[in-house]
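[1] Show me the folded form of this:
(chains A and B)
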Protein chains: 2
Amino acid sequence: MGRHDERNMSKDTRERLLAAGLQMLLERGYNGLGIQDLLADTGTPKGSFYHHFASKEAFALQVVDRYMEEVHRGLDHTLADPDRAPLDRVRDFFELSAEKYRSEGNLGCLLGGLGQELSGINEHFRLKIDECLSAIAERFVACFDEARARGDLNPEADSRALANRLLDCWEGAALRSRLWRSPAPLIDMLDFYFGQVASAGR
Amino acid sequence: MGRHDERNMSKDTRERLLAAGLQMLLERGYNGLGIQDLLADTGTPKGSFYHHFASKEAFALQVVDRYMEEVHRGLDHTLADPDRAPLDRVRDFFELSAEKYRSEGNLGCLLGGLGQELSGINEHFRLKIDECLSAIAERFVACFDEARARGDLNPEADSRALANRLLDCWEGAALRSRLWRSPAPLIDMLDFYFGQVASAGR
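    Prediction:
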């Protein structure tokens, strides 16, 4: 086996661990995730795990990074659509997220899950999850600015505050959706938020 | 020591364990809560814990019951105030909750914390937390009905849906408030929600 194949295999192992870890963290949370189970489920030797990740915490933080890469890809895809009005583009991102949650068994949002579980006692996760939520909200600011300029929003609306509130509403609905194993609370929240916020523009 | 004193002492022990357990669950979550730490912090012998509680799970579920007793007392206190308009009474309850969170170190809501951490894998907690949130939302329905009858809400508003959405918005803001260790996201959400919902009535 050449060096190139080894590198690819090693990269595959890392990706497989991160993908399995994401699903396990969504279901069981951080403390409920056993590295032994992860190794058994993915057929990975222990040494291989610790070759890629210094610790369970380092692993989970990289799962969050991988999750965020997908979030940003979804944001790139939805927020740049020139054929949609700016508020519709923001809503499109959340509709896409609801679809993603559904494909994962309606377990809600990894950021909300880890944020609730760990932020009381682990500063790494508290800062990490806060940073992730802020980064997502920041992506909406330009759309809200554009919507206000078009008259789709109250002219005095603060785009950054609107973006943060929307994300907070979403995270709360994601909790209920996790409890119900249903996307209904997410869609209901989007209808409510965009109905209220957009009606203020008219 | 008479039988009466023994009963009181036993009741005190149970209350002390539940109070310490609440603070520990808020900070560390369920899996992060060590019974050994709880016993050490409260100076309770192990046998005494298991005299009162069959298991860690039974204990945590009773902490939730105790938490809900306090929630319902807060609801009784705020929602029945005859000097306040119905929407103000609902808001009063959340202002009271924000004060309570602050007194506990801005760690957010126990229901959101345990709901996120455990509902992916533990049906007892999934159903319990869902039941608690539904019970809280149900308490607001009469106030929203009254507000609609007074013209403070859109005449077509669905009181139960409004109540559930409000609670979901709140839980999302409680996550951010936990991440920030600040009540600001909670107060901002109340301003947003009541501003939007009430303006639809005018």
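[2] what stretches of chain A score poorly on pLDDT?
    A:1-7, A:9, A:200-202 (pLDDT under 70).
[3] Stretch A:55-69 and chain B, are they touching?
    No: against chain B, stretch A:55-69 shows no contacts by Cβ under 8 Å from any Cβ of the partner chain, the least distance being 12.8 Å. (C-beta placed from N, C-alpha, C; glycine too.)
[4] starting at the chain centroid, how far to that stretch?
    12 Å (Cα atoms, centre = their mean, to the nearest Å).
[5] now swap in stretch A:51-70 and tell me
    Worked out by Cα atoms, centre = their mean, stretch A:51-70 lies 14 Å from the chain centre.
[6] ranges for the helices of chain A?
    A:3-32, A:35-42, A:46-52, A:56-79, A:86-103, A:110-118, A:123-149, A:159-180, A:184-199 (DSSP state H).
[7] Show residues contacting the fourth one.
    Taking Cβ atoms under 8 Å, 6 or more residues apart in numbering or on different chains as the criterion, the residues outside helix A:56-79 that touch it are A:17-19, A:21-22, A:25, A:30, A:33, A:35, A:49, A:52-53, A:89-90, A:92-93, A:96-97, A:100, A:110-111, A:114, A:122, A:124-125, A:128-129, A:132, A:135-136, A:139-140, A:142-143.
[8] which of those residues are close to chain B?
    Okay, of the contacts of helix A:56-79 touching chain B (Cβ under 8 Å from any Cβ), that's A:30, A:129.
[9] which among the contacts of helix A:56-79 end up buried?
    Among these, those scoring as buried are A:17-18, A:21-22, A:25, A:30, A:33, A:35, A:49, A:52-53, A:89-90, A:92-93, A:96-97, A:110-111, A:114, A:122, A:125, A:128-129, A:132, A:136, A:139-140, A:143 (criterion: 16 or more other Cβ atoms under 10 Å in any protein chain shown).
[10] hmm, back to that, tell me which of the helices of chain A sits most buried.
    Counting by mean count of other Cβ atoms under 10 Å in any protein chain shown, helix A:110-118 has the highest mean neighbour count of these, with a mean of 26.
[11] Using PDB, write out every CA atom in it.
    Extracted C-alpha coordinates of helix A:110-118, given in PDB (Å, rounded to 0.1, in the frame of the first residue of the first chain):
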ATOM      1  CA  LEU A 110     -26.400  19.500  18.000                       C
ATOM      2  CA  LEU A 111     -25.500  23.000  19.100                       C
ATOM      3  CA  GLY A 112     -28.500  23.300  21.400                       C
ATOM      4  CA  GLY A 113     -27.900  19.800  22.700                       C
ATOM      5  CA  LEU A 114     -24.300  20.300  23.600                       C
ATOM      6  CA  GLY A 115     -24.800  23.900  24.700                       C
ATOM      7  CA  GLN A 116     -27.400  22.800  27.300                       C
ATOM      8  CA  GLU A 117     -25.600  19.700  28.500                       C
ATOM      9  CA  LEU A 118     -22.100  21.100  28.900                       C
END
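[12] from the middle of its chain, how far away would it be?
    On Cα atoms, centre = their mean, the centre of helix A:110-118 falls 11 Å from the chain's centre.
[13] and that helix, what other elements does it pack with?
    Counting contacts by 3 or more Cβ pairs under 8 Å, 6 or more residues apart in numbering or on different chains; DSSP states H and E, helix A:110-118 is packed against helix A:3-32, helix A:56-79, helix A:123-149, helix A:159-180, helix B:3-32, helix B:110-118, helix B:159-180.
[14] switch the cut-off to 7 Å
    helix A:3-32, helix A:56-79, helix A:123-149, helix A:159-180, helix B:110-118, helix B:159-180 (3 or more Cβ pairs under 7 Å, 6 or more residues apart in numbering or on different chains; DSSP states H and E).
[15] any chance of these in TSV, with distance to residue B:42 too?
    Listed next are those as TSV, based on distance: least, Cβ to Cβ, whole Å:
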stretch	distance to residue B:42
helix A:3-32	22
helix A:56-79	29
helix A:123-149	26
helix A:159-180	30
helix B:110-118	18
helix B:159-180	24
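[16] Identify whichever of those helices lies nearest to residue B:82.
    Proximity to residue B:82 (Cβ to Cβ) singles out helix B:159-180 among the helices and strands packed on helix A:110-118, at 19.6 Å.
[17] now the angle from that closest one to helix B:3-32?
    80 degrees (axes from the mean of the first three to the mean of the last three Cα atoms, to 10 degrees).
[18] So helix B:159-180, near chain A or not?
    Yes: interface with chain A: helix B:159-180 contributes B:161, B:165, B:168-173, B:175-176, B:178-180 (Cβ under 7 Å from any Cβ of the partner chain).
[19] Widest-spaced pair of the residues you listed?
    Top of the distance list for the residues of helix B:159-180 next to chain A (Cβ to Cβ): B:161 and B:180, 28.7 Å.
[20] Could you tell me how far stretch A:16-33 lies from the centre of the chain?
    14 Å.
[21] swap in stretch A:123-138?
    On Cα atoms, centre = their mean, the centre of stretch A:123-138 falls 11 Å from that of its chain.
[22] who touches that stretch?
    The list of residues contacting stretch A:123-138 from outside it, by Cβ atoms under 7 Å, 6 or more residues apart in numbering or on different chains, reads A:57, A:61, A:64, A:68, A:71, A:111, A:114-115, A:118-119, A:163-164, A:167, B:176, B:179-180.
[23] Any chance of CSV for the helices of chain A, columns distance to residue B:189?
    Compiled in CSV, those are given as follows (distance: least, Cβ to Cβ, whole Å):
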stretch, distance to residue B:189
helix A:3-32, 25
helix A:35-42, 36
helix A:46-52, 40
helix A:56-79, 22
helix A:86-103, 17
helix A:110-118, 15
helix A:123-149, 14
helix A:159-180, 6
helix A:184-199, 12
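[24] Nearest to residue B:198, out of these?
    Using Cβ to Cβ, the helices of chain A put helix A:184-199 closest to residue B:198, at 10.7 Å.
[25] Nothing else from me, thank you.
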